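Q: how would this look folded up:
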Amino acid sequence: EVAVVAVGRVGNESERVHRVLGSLPAVVPPMEEVAAEFEASQEPPRSTRRRPRVKLGVEVLVEEHLQLVEGKRVGLITNPSAVGSDLRSSIDILANAEGVNLVALFGAEHGVRGAEEGRIDQDGEVDSQTGIPVYSLYGDSFAPKKEWLEKLDVLLFDIQGVGSAWYTFKYSMSFAMEACAEVGIPFIVLDRPNPLGGRVVEGPLLDLGSIFRHDLPLRHGMTYGELATMWNETERFGTDLTVVRMKGWRRSMTWDETGLFWIMPSPNMGTFETAIVYPGQCLFERMNMSEGRGTTKPFLMVGAPWVDADRAAADLNSRGIEGAVYRPVHFIPKKLAEGANPRGKPWNEMCGGVEIMLTDYEAYRSVEAALHIIDACRRTSPGSLTWAPPATIEQLDEQGATVEEMVEKCREEVEDFAEIRRKYLLYR
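A: Numbering: from 1, shown residues only. Modelled structure (predicted):
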C-alpha cells in the first residue's frame, strides 16, 4: 500500500490517497543486480558523432611535428576558441605534450580566457588555472615586448578567426610576427578553418588604423596561416615563419562541413550563423541603429526605434536577396552600465527591425545583404539614419544611388587583393 499526497505552489496539501499496489513478485532480484542495473542506466549514452573531417593545426603539430617545439621554451597566443576536436584547449594539449615546455601565454582582445572587455593590462600575472604567466597584446602595446620574447625560444599562435576584417586577432598575430623577427625567434601559426570558406572575397576594404594595420576586405576568404604567409612577404617582416597546416580542409568548406564544434571566438559570436552574417552586419556598429548587441541574437537582429519592422521586412523579402529571408521583429537591446554613446545607439529602447533567417550559407553575401537592410530600414523613416560607413559605400547617401551600384564598387575595390592573395593560398 502506498499513500500519495500532492502539494500546491503555496504549500497547500491535498488529502492523502491510499492505494494497494498488489503483491510483491515471487522472486526478488538480489540487491547487487538492482544496483548494477541502476548504475548502468546512469551512464551517458555513447556519442554517435562522426569523426571530424578536419584535423587542426595544433593536432598536426603534436602528432607529426613536435620537433618544432621539443626542448624549447614555448609561448602561446591563444583564447578559449583554440580547442582540439576533442574540446581540450590548446593550452592543455601543449602543456601535456611530452617534451613541450609551455612557459608563457599571450592574450589578444578579450584575453586568454575570453572574458575581458577593453584594454587589458597583464605583464606576467599568473594564470589561475595553469600557473603560467600571462601577457597582454591588447594593452599599452599591440606587440609582445622584447623582454617578454627574450624568455622564449619560439612563439605559437592559435586562435579561431571568423573570416572577417573586423576581428582584431589576426592583426595581433601580425604585430607578434614582426616582433619575433626583430628578436630573432621563430613564429609558428597553428592553422584553423576560415568558417566562411575560402572562395569568396567581399569588399569594401577596411582601413581603420590603430590595431587594424593592414587593409583587408570585410570578407577576406583566407585562413590565418595564409594571411601570415602573405604579410610576411608583402610587409617584409622577415619572420622565421612556419604554418602548421590543417589536414582535410578545403576552400569550399563552411564551418558546418568540418565536423568541428563551434566555440565562441568572442563574447558576441555565439553561433556559426552569426559568423556568416558578421562581415556585413558589423557595418551597423557605425550607425545609430542597434546591431543586436544586448540581445540573444547579436548581428542576426538589427533595428532602431524609428524603423517600421513590417515595412522593412516586406521590402527586403521582395528584393530576392539570396541566402536569407527576413522576419519583422521588435526587441530591446539591453545595456546595464551607462557610458559614452558616440553613435547614438538605442540602448534600452524598443526597436523595430528585422531578423536574418539564413536559408543558404554558401549563397549568402553578407555585405550586399547588409546594404539592402540599411536601405530598406532607412526608407521606412527618411532622414533618421546617421552613420559613418567606409568611403566606398558612403555614396549610398547620394540621390539616386542604388545598392547594386555600391556592391559593384566594392567588388572593384578588392580586385587587386583577390589577385594578390592567390599566391599565398595553402589549400585547394
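
Q: Show me the contact partners of the strand or helix carrying residue 327.
A: If you go by DSSP states H and E, residue 327 is part of strand 324-331. The set of residues external to strand 324-331 that reach it, using C-beta atoms under 8 Å, 6 or more residues apart in numbering, is 290, 292, 295, 301, 303, 309-310, 312-314, 316-317, 350-360, 364, 369, 373. Placement of C-beta: from N, CA and C, glycine included.

Q: hmm, 6 Å instead?
A: Contact with strand 324-331 is made by 295, 301, 309-310, 313, 316-317, 351-359, 364, as judged by C-beta atoms under 6 Å, 6 or more residues apart in numbering.

Q: Please apply the same query to stretch 357-376.
A: Residues contacting stretch 357-376 (C-beta under 6 Å, 6+ apart): 202, 218, 254, 273, 276-277, 279-281, 283, 312, 315-316, 319, 321-325, 327, 403, 406-407.

Q: Stretch 268-286 now?
A: With C-beta under 6 Å, 6+ apart, stretch 268-286 has contacts from 162, 164, 166, 195, 218-219, 255, 262, 264, 291, 298-299, 302, 356, 358, 361, 364, 366-367, 369-370, 387-388.

Q: which residues in the stretch 251-400 of the chain form strands?
A: Secondary structure of the stretch 251-400 of the chain by DSSP state E, counting those that start in this stretch: the strands cover 301-304, 324-331, 351-358.

Q: Same list as before, those that is, but in TSV and with mean neighbour count, mean pLDDT and distance to residue 392 included.
A: Putting these into TSV (neighbours: other C-beta atoms under 10 Å; pLDDT from 0 to 100; distance: least, C-beta to C-beta, whole Å) gives the following:
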stretch	mean neighbour count	mean pLDDT	distance to residue 392
strand 301-304	26	98	21
strand 324-331	19	98	23
strand 351-358	22	98	23
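
Q: how about those, which one is nearest residue 344?
A: Residue 344 lies closest, by C-beta to C-beta, to one member of the strands of the stretch 251-400 of the chain: strand 301-304, at 9.4 Å.

Q: Report all helices and strands that that closest one contacts.
A: strand 351-358 (3 or more C-beta pairs under 6 Å, 6 or more residues apart in numbering; DSSP states H and E).

Q: Pairing partners for the strand it packs on, with directions?
A: Partner strands and pairing direction for strand 351-358 (DSSP bridges) are strand 301-304 (antiparallel), strand 324-331 (antiparallel).

Q: How far off centre is the last one?
A: For strand 324-331, the gap between its own C-alpha mean and the chain's C-alpha mean amounts to 23 Å (C-alpha atoms, centre = their mean, to the nearest Å).

Q: repeat for stretch 187-196
A: 13 Å.

Q: end to end, how far does it reach?
A: For stretch 187-196, the first-to-last residue distance is 26 Å (C-alpha to C-alpha, to the nearest Å).

Q: Same check on stretch 342-358?
A: 31 Å.

Q: and what of stretch 215-234?
A: The first residue of stretch 215-234 is 12 Å away from its last residue (C-alpha to C-alpha).

Q: of the contacts of stretch 268-286, buried ones?
A: By neighbour count, with 16 or more other C-beta atoms under 10 Å, the contacts of stretch 268-286 hold 162, 164, 166, 195, 218-219, 255, 262, 264, 291, 298-299, 302, 356, 358, 361, 364, 366-367, 369-370, 387 as buried.

Q: Which among the strands of the stretch 251-400 of the chain is found nearest to residue 381?
A: Residue 381 lies closest, by C-beta to C-beta, to one member of the strands of the stretch 251-400 of the chain: strand 301-304, at 8.2 Å.

Q: Which stretches in the stretch 101-250 of the chain count as strands?
A: With DSSP E, counting those that start in this stretch, the ranges of strands along the stretch 101-250 of the chain come out as 101-107, 123-126, 133-136, 154-158, 187-190, 202-206, 216-219, 241-244.

Q: Pipe those into TSV and attach mean pLDDT and distance to residue 88 per row.
A: Formatted as TSV, these follow (pLDDT from 0 to 100; distance: least, C-beta to C-beta, whole Å):
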stretch	mean pLDDT	distance to residue 88
strand 101-107	95	14
strand 123-126	79	21
strand 133-136	92	19
strand 154-158	98	12
strand 187-190	98	14
strand 202-206	96	34
strand 216-219	98	30
strand 241-244	98	17
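
Q: re the thing from before, from the buried ones among the contacts of stretch 268-286, which land in helices?
A: Secondary structure assignment by DSSP state H places 366-367, 369-370 of the buried ones among the contacts of stretch 268-286 in helices.

Q: Make JSON lines out of the strands paired with strand 351-358 and add distance to residue 96.
A: As requested, the strands paired with strand 351-358 are exported to JSON lines (distance: least, C-beta to C-beta, whole Å):
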{"stretch": "strand 301-304", "distance to residue 96": "41"}
{"stretch": "strand 324-331", "distance to residue 96": "43"}
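
Q: how about the residue nearest the centre of the chain, what does it touch?
A: In the chain, the C-alpha nearest the mean C-alpha coordinate belongs to residue 265, at 3.7 Å (C-alpha atoms, centre = their mean). By C-beta under 6 Å, 6+ apart, the contact set of residue 265 is 81, 160, 162.

Q: got it, and residue 79?
A: For residue 79, the contacting residues are 114, 159, by C-beta under 6 Å, 6+ apart.

Q: Against residue 136, how distant is it?
A: According to C-beta to C-beta, to the nearest Å, residue 79 stands 12 Å off from residue 136.

Q: tell me, what's touching the two both at once?
A: Shared contacts of residue 79 and residue 136 (C-beta under 6 Å, 6+ apart): none.

Q: what number of residues lie near residue 395?
A: 12 (other C-beta atoms under 10 Å).

Q: ok, it touching residue 401?
A: Yes: counting by C-beta atoms under 6 Å, residue 395 touches residue 401, with 5.4 Å between them.

Q: Wait, residue 377 touches residue 307, no?
A: Yes: with contact defined as C-beta under 6 Å, residue 377 and residue 307 form a contacting pair (4.8 Å).

Q: now for the strands of the stretch 251-400 of the chain, which one comes closest to residue 227?
A: strand 351-358 (25.8 Å).

Q: Spell out the residue ranges of the helices in the stretch 1-150 of the chain.
A: Using DSSP state H, counting those that start in this stretch, the helices of the stretch 1-150 of the chain run over residues 31-42, 57-64, 90-95, 146-149.

Q: Quick check: buried residues in the last one?
A: Of the residues in helix 146-149, those buried under the neighbour-count criterion (16+ other C-beta under 10 Å) are 148-149.

Q: which helices and strands sit right next to it?
A: Using 3+ C-beta pairs under 6 Å, 6+ apart as the contact test, no helix or strand touches helix 146-149.

Q: before we move on, the earlier item: so which of the helices of the stretch 1-150 of the chain comes closest to residue 229?
A: helix 57-64 (13.2 Å).
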